[in-house]
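Student: Compute the structure for the input listed below.
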Amino acid sequence: MLFNGFEESSAWGVPNPGTGDIVKDAIRKEQILKDIAAAQGDLRALVTRVQSVQGDVDKLTSENSTLQMYIDNLTMQMAKRK
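Tutor: Have a look, this model is predicted:
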């Protein structure tokens, strides 16, 4: 199975034998490291975004709870007036 240009078996199992060309192998390894660093950066950005959205959700949940309490109090006051 190919994933981003790499075979799964080589990523998790037996390493592929080098091409025999040290320069090509070094360039390939450097590109792999750049890809990993880019993926880590993307993951950090996603985690930051998830934390931001979770904070927004927590704030809105708290506000909804406050509004529900306000509505309940108004409803009870209206019921007492009748």
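Student: Which strand or helix spans Gly41?
Tutor: helix 22-81 (DSSP states H and E).
Student: What's the mean pLDDT across that helix?
Tutor: For helix 22-81, mean pLDDT rounds to 96.
Student: what's the spacing between the most centrally placed residue in the chain and Ala38?
Tutor: Geometric centre of the chain, nearest residue: Leu46, 3.7 Å, by C-alpha atoms, centre = their mean. To Ala38, Leu46 is 13 Å away according to C-beta to C-beta, to the nearest Å. Yep, even glycine has a C-beta here, placed from its N, CA and C like the rest.
Student: likewise Ser52?
Tutor: Taking C-beta to C-beta, one finds Ser52 at 21 Å from Ala38.
Student: Same check on Gln77?
Tutor: 59 Å.
Student: next one: Tyr70
Tutor: 48 Å.
Student: Check Asp58 too.
Tutor: Relative to Ala38, Asp58 is positioned 31 Å away (C-beta to C-beta).
Student: again with Lys82
Tutor: Here the distance between Lys82 and Ala38 works out to 66 Å (C-beta to C-beta).
Student: who has more neighbours, the two?
Tutor: Neighbours of Lys82 and Ala38, each counted by other C-beta atoms under 10 Å, are more numerous for Ala38; the result is 10 against 4.
Student: if we can go back for a sec, pull the distance from the helix holding Gly41 to the chain's centre.
Tutor: Computed by C-alpha atoms, centre = their mean, to the nearest Å, the chain-centroid distance of helix 22-81 equals 8 Å.
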